[in-house]
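**Q** fold the stuff below for me.
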Amino acid sequence: MNDRICRISGYSEEELVGNNAFEFLVPEGHGEEFRKNIDRVMKGEELNYVATGCRKDGSSFDVQLNEAKVSLPGGEDGVLSIQMDISELKEQEEKLKYLSYHDGLTDLYNRYYLTEEMERLNTERQLPISLIMCDVNGLKIINDAYGHKVGDELLVNVADILRSCTRDEDIVSRWAGDEFVILLPQTKKEIALKICTRIENACEKAEFGDIPITLGVGVAAKHDTEEKFE
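**A** Numbering: from 1, shown residues only. Reported below is the predicted structural model:
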């Protein structure tokens, strides 16, 4: 054990050396996975993989492991395990993944994510799939009269309305500048129309200074996997 693994795990060298690693460094429920990897290494494989490590305080962390078979001073075979805490790297990866799928202004899903979901959900089991397309009325005029900051605030308000009027399984996305698309799997057109009415009522009740929030809304339902979303 070196100083770094002690700092990562929260254990001292005295606590770890000579004891069973499975009792200290392997999270509950991951023992079988680690044992299988040790067996593979002892048979001559060199492994490089990402796993979950365990700290003294009970918290877990993402760890990159490089493991190989070695000869110990006494002549017996052992496993050399080099471990690197990659928690910050994984956190950054998750942030980048989130940003790649979400619109920076409204925090809704973006067009790229929606097109991926259209492809993934285009199965018989998800039919009928309804689609609601919304266009914010008068955004250009609002941008010209009040400034783009107010226009952006209007878009954020619209996004909040759409989010509040839809279900957890619905996919609400910003399609383009003033256009929003809602994908509704396993939803008949009649249900989608009720959601549109809910959106319309929410827009009427919304308060945004002296600017009314109105949307142009279109609804369609897809009953055949061969029918294109476009």
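
**Q** and the contacts of stretch 48-65?
**A** Surrounding stretch 48-65, the residues in contact under the criterion CB atoms under 8 Å, 6 or more residues apart in numbering are 8-11, 15, 24-28, 30, 33-34, 37, 47, 66-67, 81-87, 89-90. Using the backbone N, CA and C atoms, a C-beta is placed for each residue, glycine as well.

**Q** next, the buried residues of that stretch.
**A** For stretch 48-65, a neighbour-count test (16 or more other CB atoms under 10 Å) marks 51, 53, 54, 55, 61, 62, 63, 64, 65 as buried.

**Q** closest to residue 94 out of these?
**A** Each of the buried residues of stretch 48-65 was scored against residue 94 by CB to CB, and residue 62 proved nearest at 10.3 Å.

**Q** tell me if I am right that that closest one is in a strand.
**A** Yes. Membership of residue 62 in a strand is supported by DSSP: H, G, I helix; E, B strand; the rest coil.

**Q** what's the closest non-adjacent residue to it?
**A** residue 90 (4.4 Å; CB to CB, 6 or more residues apart in numbering).

**Q** burial measure for that neighbour, as a count.
**A** As a burial measure, residue 90 scores 15 neighbours (other CB atoms under 10 Å).

**Q** how does the protein divide into domains?
**A** Annotated domains of the chain cover 3-91, 102-222 [the TED database].

**Q** hey, least reliable of these by pLDDT?
**A** The minimum mean pLDDT among these belongs to domain 3-91 (a mean of 91).

**Q** sec struct for residue 199, please.
**A** Using three-state DSSP, the three-state assignment for residue 199 comes out as helix.

**Q** now the helices for the chain?
**A** 3-9, 13-16, 21-24, 31-42, 87-101, 111-120, 139-146, 148-165, 189-205 (DSSP state H).

**Q** which strands or helices does the second one pack on?
**A** Helix 13-16 is packed against helix 3-9, with contacts defined by 3 or more CB pairs under 8 Å, 6 or more residues apart in numbering; DSSP states H and E.

**Q** perfect, I'm done here.
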